[in-house]
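> Kindly generate the corresponding structure for this input.
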Amino acid sequence: MRILFVHQNFPGQFPHLAPALAARGHEVLALTDEKNRRPSPVTTLRYKAPEPVAGASALGRTYSDYAERGLMAARGARALRDRHGFSPDIIIGHPGWGETLFLREIWPEARLLLYAELMYRTRGHDVGFDPEISPDRDETRFLTVARSAHLVQAMVQADAALAPTRYQADSFPPELRGKITVIHDGIDTDRVRPDPQARLTLPSGQVLAAGDEVLSYVSRSLEPYRGFHAFMRVLPEVMAARPGAQVVIVGGEGVSYGAPPADAPSWKARMLAELEGRLDLSRLHFLGRVPYADYLSLLQVARVHCYLTYPFVLSWSLTEAMAAGAYVVASDTEPVRELIRDGANGHLVGFFDREGLAAALARGLAGDPWAESLREAARRTILDGYDLRAHCLPRLIAWVESGGTMR
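Below is the predicted model of the structure:
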């Protein structure tokens with residue numbers, strides 16, 4: 001078959017699927033934003049990046065910007081059709097940025113398959129979950145409804161869709177949920193595994209080794225959606241209780257979700273100012289964004305890994321931490337409960353339970369007698385249901401080759 005992937009940041013969620021389909025003899029191409037320079041073995045073409053739409057109202061801005069991106073993607077697709085004679089049997093796209101909105105008009109006969117990452121909801125999701133950061137107001141819900149317009153439109157157009165977790169699939173309304181098959185992207189457990197010889201060298205030259213008293217926290221961006229503020233606020237108690245512990249934080253200082261603080265250049269700066277004088281900065285290490293190998297080494301050396309999140313998209317970092325055999329202390333929120341059972345393969349603590357989180361982290365750093373069994377169970381969870389080669393990739397390939405009809 002001829003298969004076209006459409007994703008502004010390709011390979012995005014498809015680093016394994018796209019080349020695997022090509023290896024099976026399918027003709028696989030990708031269409032992406034001209035500014036995207038992420039490498040892929042798949043032949044990749046680029047569409048012109050859109051300009052922000054001027055003059056749009058707050059309610060219409062998201063749709064205006066994403067419809068413009070959809071237009072630019074459609075023009076790239078039209079050039080692919082008219083100049084190169086390419087006509088895909090299957091289009092696989094991420095609808096989050098509007099790229100798939102007009103592809104039906106270019107190739108009406110193609111099967112359109114979408115990656116259904118999340119549907120915005122006004123209640124029971126991230127909106128209003130954390131009143132300190134995002135108060136639950138009518139205007140916020142109005143904006144959320146408006147922001148979901150392009151996602152609803154894309155899902156109505158789709159023949160079928162794919163979600164990585166049940167929580168993410170269930171974020172869509174019942175009218176659309178029937179189109180969605182749940183298959184995780186898959187974790188390469190051959191690469192992401194425990195390593196008792198792991199080492200991580202900090203910028204200071206200090207070397208951390210597996211077994212050392214290390215607390216890790218990882219997020220693409222250091223922000224409230226991933227509980228950065230909650231994590232920082234328990235560090236004074238944790239570091240006082242464990243005077244030998246090293247705390248290593250990985251993540252950029254920008255914002256991936258939500259908004260930046262109004263009174264500081266970043267959430268990192270905001271929390272350091274709030275906690276000034278209460279932290280032992282000689283034992284607190286901010287690494288920023290790091291190469292994948294260093295990130296993996298951190299998961300392998302950490303005695304305790306902390307993962308916090310609003311009810312939102314589940315991070316790859318949690319599944320990879322579990323695959324690396326981490327002792328995980330995580331927020332008791334719906335997406336996390338899909339993977340972690342408290343006391344069986346990790347520990348769950350209420351997102352707003354500051355005392356409980358501090359106690360759980362300190363207990364793990366001190367050497368929980370059940371730590372080894374929890375670590376083994378965490379990895380077993382990934383091996384049994386989220387392993388790339390044994391489970392996920394074969395199902396993903398079968399789903400695509402069936403045109404999204406396989407459930």
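
> tell me the phi and psi of residue 378?
The phi/psi pair for residue 378 (degrees, to the nearest 10) reads phi -60, psi -50.

> pretty sure it is touching residue 345, no?
Yes. The criterion here is Cβ atoms under 8 Å, and residue 378 meets it with residue 345 at 4.6 Å. C-beta coordinates here come from the backbone N, C-alpha and C atoms, glycine included.

> Compare the two and say which one has the larger neighbour count.
Higher neighbour count among residue 378 and residue 345: residue 378, with 27 against 21, using other Cβ atoms under 10 Å.

> show me what contacts the more buried one?
Contacts for residue 378 (Cβ atoms under 8 Å, 6 or more residues apart in numbering) come out as 321, 322, 325, 326, 327, 328, 340, 345, 346.

> Quick check: the farthest pair among these?
Maximum pairwise distance among those (Cβ to Cβ): 13.9 Å, between 325 and 340.

> Turn the contacts of residue 378 into CSV, including pLDDT, secondary structure and distance to residue 79.
As requested, those are exported to CSV (pLDDT from 0 to 100; DSSP: H, G, I helix; E, B strand; the rest coil; distance: Cβ to Cβ, whole Å):
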residue, pLDDT, secondary structure, distance to residue 79
321, 98, helix, 42
322, 98, helix, 43
325, 98, coil, 48
326, 98, coil, 46
327, 98, coil, 52
328, 98, strand, 47
340, 98, coil, 47
345, 98, coil, 49
346, 98, strand, 49
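
> Serialize those to TSV and add fields for distance to residue 89.
As requested, these are arranged in TSV below (distance: Cβ to Cβ, whole Å):
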residue	distance to residue 89
321	38
322	36
325	41
326	41
327	46
328	41
340	39
345	41
346	42
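
> between the residues you listed, which is nearest residue 9?
residue 321 (22.7 Å).

> Look at that closest one and say how many residues are nearby.
Look at residue 321: counted by other Cβ under 10 Å, it has 29 neighbours.

> what's it in contact with, if anything?
Counting by Cβ under 8 Å, 6+ apart, residue 321 touches 216, 218, 299, 305, 307, 328, 378.

> ok, 10 Å please
Residue 321 makes contact with 192, 216, 218, 296, 298-300, 302, 305-307, 315, 327-328, 330, 346, 378-379, 382 under the criterion Cβ atoms under 10 Å, 6 or more residues apart in numbering.

> show me where the stretch 301-407 of the chain has strands.
Counting by DSSP state E, counting those that start in this stretch, the stretch 301-407 of the chain has these strands, from start to end: 304-307, 328-331, 347-349.

> highest average neighbour count across these?
For these, average neighbour numbers computed from mean count of other Cβ atoms under 10 Å are highest in strand 304-307, which has a mean of 27.

> the bottom helix or strand of the chain by mean pLDDT?
Here the helix or strand of the chain ranked lowest by mean pLDDT, DSSP states H and E is helix 138-147, holding a mean of 93.

> how is the chain carved up into domains?
Listed by automatic domain parsing, the domain ranges of the chain are 2-186+388-401, 199-385.

> gap between the two ends of the longest one?
Read that as domain 2-186+388-401. Domain 2-186+388-401 has an end-to-end distance of 11 Å (criterion: Cα to Cα, to the nearest Å).

> where in the stretch 51-200 of the chain is pLDDT low?
In the prediction, the stretch 51-200 of the chain carries no residues with pLDDT under 70.

> change it to 90
Scanning the stretch 51-200 of the chain for pLDDT under 90 picks out 52-58, 124, 134-137.

> picking up where we left off before, same question for the next helix or strand after the least confident helix or strand of the chain: list its buried residues.
Sequence order places helix 149-157 as the next helix or strand after helix 138-147, per DSSP states H and E. If you call a residue buried by 16 or more other Cβ atoms under 10 Å, then helix 149-157 has these buried ones: 149, 150, 151, 152, 153, 154, 155.

> just stretch 198-212 next, same as before
In terms of neighbour count (16+ other Cβ under 10 Å), stretch 198-212 has its buried residues at 198, 200, 208, 210.

> Residue 135 against residue 141, yeah?
No. Under the criterion of Cβ atoms under 10 Å, residue 135 makes no contact with residue 141, lying 11.1 Å away.

> the more surrounded of those two?
Shown here are residue 135 and residue 141; by other Cβ under 10 Å, residue 141 has more neighbours (16 against 11).

> Now the more buried one: closest residue in space that isn't a chain neighbour?
In space, residue 141 comes closest to residue 122 once its chain neighbours are excluded; the distance is 4.1 Å by Cβ to Cβ, 6 or more residues apart in numbering.
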